[in-house]
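Q: Turn this into a structure:
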Amino acid sequence: MTRHLYCYTVLLLCVLFSKEAAAQHLLDKKLAAFSVQKASPEEALRKLGEQAKITFSYQTDILPSGPGISLSVQNICIGQLLQQLFGDDYEYTEQEDFIIVTRRSSYFIITGLVTDKLSGMPMDSVQIATSYRAFAVMTDKAGTFRMKIPVNHPMDHINAIKELYRDAFVPIKIAKDQRVHIQMQLSGIRELPEVTRAADPEAGPKKVRVHPLFNIRSGSTGFEASGIFNINEGNAYNFQLAGAVNVVGKSLKGVQIAGLHNLVRDTASGMQLAAMVNKTNGPVKGVQLAVVNQAHKLKGLQIGVINIADSSEGVSLGLLNFVRNSSGYHSLSLFTNDVTNTNLAVKLGSSQLYTVFMGGMNISPDQKLYTLGVGLGHDILIGKKAAISTEANYQFVKISSWDSRLMQLKTALNVRALKGFNLFAGPTYNRYTNGEWKMPPGYKDLGVPGYKDTRKWIGWQAGITATDLLWPKGRHYVYKEQQWSAQVGIAGGVSYDPNNRADWVSGDLRLQRGIIDNSILVMLTTAINHRYERVIYFHNIDGSTSSRFVSSALTDLALKGGLKVFVIKKFYAAAEIGAALTEHPKSMYAEELNRKVRMLLSPSLGWGIGKRFDISARIENIQTAMFLRLGYTFLKSEG
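A: Sure, this is the predicted structure:
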């Protein structure tokens, strides 16, 4: 059953991803040069389609009329070129292998200028945010900004925020294109140590504030603790402790500890510690420790399962590390070595520290070998076109089982061969531990005859790395869809306990809604997990296995909720917690079943396929099972 399940899953993935890959990133495709002179819109699109080998779909009556279009550009993306040709009045949607051109209707644009009220000078680095700060941009050196906002986004104003200035508010009464002029005034007073609102009946600065539910303040120093949340609308030079959430509206210098989430809207200096998510909209000069950490500019240390930074001068230590600007590593390597002749590796992070995920196989009919592993690396940059990489990794090796291990220390010289591609080669130090009682025929012998014996040797590696294939430079992905949606999912699973093998099928119904920034809240998931008849296997001394016991089928009913965090446009990490009504045998050899309610924990990683499909891998703690899930969104609200 397991083999059939994997075959069907691989076939399904191939069909879905082949369809997705064909239509992916058409708007990111680059042209070396493009030129038209006094051409009509139809002629310009026809020439662009022929040159880029892209088909455009549109209604001719929606294109602009008037004088012909004249334009000459070089080294430009299709999306940028379309914007220069037709401005902001149109939307461009990728579908299969063509681009659909329609009149803009899903969003409106607010542009504006921010100046100092006293001097009249333009102000740069001012944060312009919508209600609830769901969308935000920064002004440029000329004091100007441009913000796209979905027409169904709930808002009634935008506000301008800058250190030492009073916040400025501009009402937005209708969802249409408009231009505003915002004048900001110096506060005239120090934000700190003034830590209480004037309207507070207990006015006067306080060093300690404790509340069983929540604290809301305009700024603070000292210590704050609450059972649910602490919110500081200004600066905070303090220690914040909350059962759920801490929020600082401007800058933090101190410590935040929360049961779920810490948020700082400007600079954070100190430490953020949370069970789920830390986020800072400005630079981080300190430490972030959580499942998911996010910073605008990292100048310190991130420790978590997923670490995200727009730019980084620090270190991210985690399973998945994303640096969004051009200094980040999102590379794919194809290489060979003396152990396996075909290998793939994905590197995520930065030159200071990156995570490596790798898999390999020795393609040979009589010397088969398979490897899966993870590692850490650091690159020593030598100019702009060369680097020395140093890596350490740990791999599982499959011969007749996955019980063998390979540890490697590797170094290589990397040289840029073409734009976006590096060649590398270098030595490796290998330490192999044999997990086979007897080497089966048809598999590669690494020269370690005894069970649990080890061998050490110096090997080699060589290959090519695509640096921009996984993530085109300069593209920032943010998930902004704020809707209710309903999704149905099916999944197949296997137990990851080698002595308790079982096959599972699962079905679920999920209700979810988008929230601020790049996350969506999974409100409710109901699931049914069904396990087929289970066979308990025993390992014999000669290396073979035999079955000794078969148990009956089991069914779990689960109810859980959780949070998705979109790292890039398609890829997300999620965690769910809930309860499950489970069935299990009263004893190892008993057929009679017990039913019990147990806590369910379920982390997962996933990828969106188009607008409706979703594929993810999850682990559940109750029945030691790993699931591969395919979801389909069958219902979406209008707003």
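Q: buried residues in the helix or strand where Ile308 lies?
A: Secondary structure assignment for Ile308, by DSSP states H and E: strand 301-312. In terms of neighbour count (16 or more other Cβ atoms under 10 Å), strand 301-312 has its buried residues at Leu301, Gln302, Gly304, Ile306, Asn307, Ile308, Ala309, Asp310, Ser311, Ser312. C-beta here means a position set from N, CA and C on the backbone, and glycine is covered the same way.
Q: want to throw these into JSON lines with distance to Asn337?
A: Formatted as JSON lines, these follow (distance: Cβ to Cβ, whole Å):
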{"residue": "Leu301", "distance to Asn337": "32"}
{"residue": "Gln302", "distance to Asn337": "31"}
{"residue": "Gly304", "distance to Asn337": "31"}
{"residue": "Ile306", "distance to Asn337": "29"}
{"residue": "Asn307", "distance to Asn337": "29"}
{"residue": "Ile308", "distance to Asn337": "31"}
{"residue": "Ala309", "distance to Asn337": "31"}
{"residue": "Asp310", "distance to Asn337": "35"}
{"residue": "Ser311", "distance to Asn337": "33"}
{"residue": "Ser312", "distance to Asn337": "30"}
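Q: Return the member of those nearest to Val151.
A: Ranked by distance to Val151 (Cβ to Cβ), the buried residues of strand 301-312 are led by Asp310 at 27.0 Å.
Q: From the rest of the structure, what touches the strand holding Ile308?
A: 278, 284, 286-298, 314-325, 327-328, 350, 352, 476, 565, 567, 573, 603 (Cβ atoms under 8 Å, 6 or more residues apart in numbering).
Q: what about that strand, distance to the chain center?
A: Centre-to-centre, strand 301-312 and its host chain are 11 Å apart (Cα atoms, centre = their mean, to the nearest Å).
Q: Name every strand pairing with that strand and say which way it goes.
A: Here strand 301-312 is paired, per DSSP bridges, with strand 277-289 (parallel), strand 292-298 (parallel), strand 315-323 (parallel).
Q: pLDDT of the longest one, averaged?
A: Confidence over strand 277-289, taken as the mean pLDDT, stands at 89.
Q: Could you give the separation of it from the chain centroid?
A: 16 Å.
Q: now the nearest residue to Ser316 once chain neighbours are set aside: how far from Ala136?
A: Excluding the flanking residues, the one nearest Ser316 by Cβ to Cβ, 6 or more residues apart in numbering is Asn307, at 3.8 Å. Distance of Asn307 to Ala136, computed by Cβ to Cβ, to the nearest Å: 21 Å.
Q: for Leu81, same thing?
A: In terms of Cβ to Cβ, Leu81 sits 27 Å off from Ala136.
Q: Same question for the top strand by length along the chain: list its buried residues.
A: In the chain, taking DSSP state E as the definition, the longest strand is strand 593-609. Buried residues in strand 593-609, counting neighbours by 16+ other Cβ under 10 Å, are found at Leu593, Leu600, Ser602, Pro603, Ser604, Leu605, Gly606, Trp607, Gly608, Ile609.
Q: quick revisit: pLDDT and distance to Glu50 added to the buried residues of strand 301-312, as CSV?
A: Listed next are the buried residues of strand 301-312 as CSV, based on pLDDT from 0 to 100; distance: Cβ to Cβ, whole Å:
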residue, pLDDT, distance to Glu50
Leu301, 91, 51
Gln302, 92, 47
Gly304, 88, 48
Ile306, 83, 43
Asn307, 86, 44
Ile308, 84, 40
Ala309, 83, 41
Asp310, 79, 37
Ser311, 80, 38
Ser312, 82, 41
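Q: Give the full set of residues in contact with the residue nearest to Glu233 when sequence neighbours are not counted.
A: In this structure, Glu233 finds its nearest non-sequential neighbour in Gly249, 4.1 Å apart by Cβ to Cβ, 6+ apart. Residues in contact with Gly249 (Cβ under 8 Å, 6+ apart) are Ile161, Ile231, Asn232, Glu233, Gly234, Arg265.
Q: what separates Gly249 from Ala33, distance-wise?
A: 47 Å.
Q: and what of His261?
A: Taking Cβ to Cβ as the measure, His261 falls 48 Å from Ala33.
Q: Need the strands paired with strand 301-312 in a markdown table (columns: mean neighbour count and distance to Thr336).
A: Output for the strands paired with strand 301-312, formatted as a markdown table (neighbours: other Cβ atoms under 10 Å; distance: least, Cβ to Cβ, whole Å):
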| stretch | mean neighbour count | distance to Thr336 |
| --- | --- | --- |
| strand 277-289 | 24 | 38 |
| strand 292-298 | 25 | 35 |
| strand 315-323 | 22 | 26 |
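Q: of all these, which lies closest to Pro427?
A: Of these, nearest to Pro427 by Cβ to Cβ is strand 315-323, at 25.9 Å.
Q: which element follows that closest one toward the C-terminus?
A: strand 329-337.
Q: Can you tell me the element Glu43 falls in?
A: Per DSSP H and E: helix 41-52 holds Glu43.
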